[in-house]
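Engineer: My questions are about this predicted structure, shown below with the sequence.
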Amino acid sequence: MIPHSRPTIDETDIQAVSGVLHSGSIAQGGAVEKFEQELAGYIGVKGGVATSSGTAALHLALLALDITGKDTVALPSYVCTAVLNAVHYVGALPLLIDVHPDTFNMDVEDLKRKLRPQVKAIIVPHSFGLAADLEEIMALGIPVIEDCAQSIGATYKNKMAGSFGNISIFSFYATKMLTTGEGGMVVSDSEEFLRKIRDLRDYDNRENYVTRYNYKMTDFQASLGFSQLKKLNHFIEIRRNIAQKYNNEFKNLCSLPASHKNDRKHIYYRYTVKLRRDVESFLKLSKEKGINCERPVFKPLHRYLNLSGFTNTDRVWEKAVSIPIYPTLTEKNMNTIVEFVKNAAL
Ligand SMILES: Cc1ncc(COP(=O)(O)O)c(C=O)c1O
């Protein structure tokens, strides 16, 4: 089976982790701090706080913005449930926004239509590696959490995604652009947010009591993250080359990923196309042929919450598939995928 996604781990990654394991200090320590500094530097922001997951990072970001049960948080419907979970962790009301049918990102017009005074934060994922309409969203004047779980290295107007929002979060889950197995990070330019998030991540040795968390990353995870970060630009280059090959092969068969806006650069965390044919039978056929294609989002959030009126999200969910793309994809596997899609797409 050609997997849908796969981490890229080499000998230097293994050496980095093994160095920490040999050191005897394996919990959160110097390696975490180094990873935080390097990642914040890569994004171009003041600082970062590493966490145990992207979900934990989102939770801490919402707490830093003082979001509580009285508040509403806007987020797109076409995103994984982790984002909705974080909103529920702080007891806030989710306000689901439809997506743009081409970019699969939050539709700014729908956001503007639905905005109300109770909305105290907007979570903006850059879905599948393409930046959302940051300028228009930031202009609304509501605190923005950029969700870069799928988009580390993506750019918007020549600046890194993750350097625009009041707070931004990342995920380093096994299948992400770079991995620490499980892990995440919050970054910000605000010392105040960073201090607050750092305080809430860890519960030990404090004078006062507030509910705090154990959302720490370990040093051996951070050493893997640091080693992976050095290769991130190379990973992105390989993904872009594969996407270009797919684009050339598939251009007459389906709607290609939206990378046409020249003010932003896609990193192809996922290669997502919209088919003309039925998605369910395409996915079944792909598995029969030994290729694990998937839906880019398992199920839209409004369907979990029994809400309606998300026409674009429904349409995208009904038509979009994600085709394997990752740095370790072999030429042979790529050719097998191209042949399959050419035969099965219509
Ligand atoms: C857009 C988005 N946000 C947040 C998360 C949560 O990240 P994690 O799985 O590290 O908790 C994910 C997970 O894949 C995601 O895709």
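Structural biologist: Structure received. Note that the coordinates shown come from a computational prediction; the quantities given were computed from them, not determined experimentally.
Engineer: Please make it C-alpha for all contacts and neighbour counts, starting now.
Structural biologist: Will do.
Engineer: tell me, which strand in this structure spans the most residues?
Structural biologist: Taking DSSP state E as the criterion, the chain has its longest strand at strand 119-125.
Engineer: Write out the residues of the stretch 51-200 of the chain neighbouring the ligand.
Structural biologist: 53-55, 80, 82-83, 125, 147, 149-150, 171-173, 183-184 (Cα under 6 Å from any ligand atom).
Engineer: Give me the three-state assignment for the residue of the chain most remote from its centre.
Structural biologist: Residue farthest from the centre of the chain, counting by Cα atoms, centre = their mean, is Glu207 at 35.7 Å. Secondary structure of Glu207, reduced to three states by DSSP: H, G, I helix; E, B strand; the rest coil: coil.
Engineer: Quick check on it: phi, psi?
Structural biologist: Backbone torsions of Glu207, given as degrees, to the nearest 10, read phi -70, psi -50.
Engineer: just to revisit the earlier point, the longest strand of the chain: partners in the sheet, and parallel or antiparallel?
Structural biologist: The pairing partners recorded for strand 119-125 under DSSP bridges are strand 72-76 (parallel), strand 144-147 (parallel).
Engineer: after that strand comes which helix or strand?
Structural biologist: helix 134-138 (DSSP states H and E).
Engineer: which parts of that next one are buried?
Structural biologist: Going by neighbour count (16 or more other Cα atoms under 10 Å), the buried part of helix 134-138 is 134, 137.
Engineer: now what about it, what contacts it?
Structural biologist: Contacts with helix 134-138, where a contact means Cα atoms under 8 Å, 6 or more residues apart in numbering, come from 108, 144, 156, 164-165.
Engineer: Just the buried residues out of the residues of the stretch 51-200 of the chain next to the ligand, in PyMOL syntax.
Structural biologist: Buried members of these, defined by 16+ other Cα under 10 Å, are picked up in PyMOL with:
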select buried, resi 53+54+55+83+125+147+149+150+171+172+173+183+184
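Engineer: quick check, nearest of the residues of the stretch 51-200 of the chain next to the ligand to Ala222?
Structural biologist: Nearest to Ala222, judged by Cα to Cα, of these is Gly183 at 8.6 Å.
Engineer: Spatially nearest residue to that closest one, not counting backbone neighbours?
Structural biologist: Take Gly183 and drop its neighbours on the chain: the residue closest to it by Cα to Cα, 6 or more residues apart in numbering is Ser53, 3.8 Å away.
Engineer: Would you map out the domains in this protein?
Structural biologist: Per automatic domain parsing, the structural domains of the chain span 11-229, 232-344.
Engineer: Report the distance from the last one to the chain centre.
Structural biologist: If you compare the mean C-alpha spot of domain 232-344 with that of the full chain, they lie 16 Å apart, counting by Cα atoms, centre = their mean, to the nearest Å.
Engineer: Ok, stretch 64-79 next?
Structural biologist: Distance of stretch 64-79 from the chain centroid (Cα atoms, centre = their mean) equals 17 Å.
Engineer: how many other residues sit next to Ile97?
Structural biologist: Using other Cα atoms under 10 Å, Ile97 has 27 other residues around it.
Engineer: which residues touch it?
Structural biologist: Taking Cα under 8 Å, 6+ apart, one finds 74-77, 106-107, 110-111, 114, 310 in contact with Ile97.
Engineer: now swap in Gly183 and tell me
Structural biologist: Counting by Cα under 8 Å, 6+ apart, Gly183 touches 50-54, 171-173, 217, 221.
Engineer: before we move on, what about Glu339?
Structural biologist: By Cα under 8 Å, 6+ apart, Glu339 lies in contact with nothing.
Engineer: Quick check: it is in a helix.
Structural biologist: Yes: under three-state DSSP, Glu339 sits within a helix.
Engineer: measure it to Ile122 for me?
Structural biologist: According to Cα to Cα, to the nearest Å, Glu339 stands 41 Å off from Ile122.
Engineer: swap in Asn335?
Structural biologist: In this view, Asn335 and Ile122 are 41 Å apart by Cα to Cα.
Engineer: Which one of these two is surrounded by more residues?
Structural biologist: For Asn335 versus Ile122, neighbours defined as other Cα under 10 Å are more numerous around Ile122 (25 against 13).
Engineer: Dig out what the more buried one forms beta bridges with.
Structural biologist: With DSSP bridges as the rule, Ile122 is bridged to Ala74, Val144.
Engineer: could you list every residue that touches it?
Structural biologist: 73-75, 142-145.
Engineer: Gly290 now?
Structural biologist: By Cα under 8 Å, 6+ apart, Gly290 lies in contact with 1-2.
Engineer: Against the ligand, how distant is it?
Structural biologist: When Cα to the nearest ligand atom, to the nearest Å is the yardstick, Gly290 and the ligand sit 24 Å from each other.
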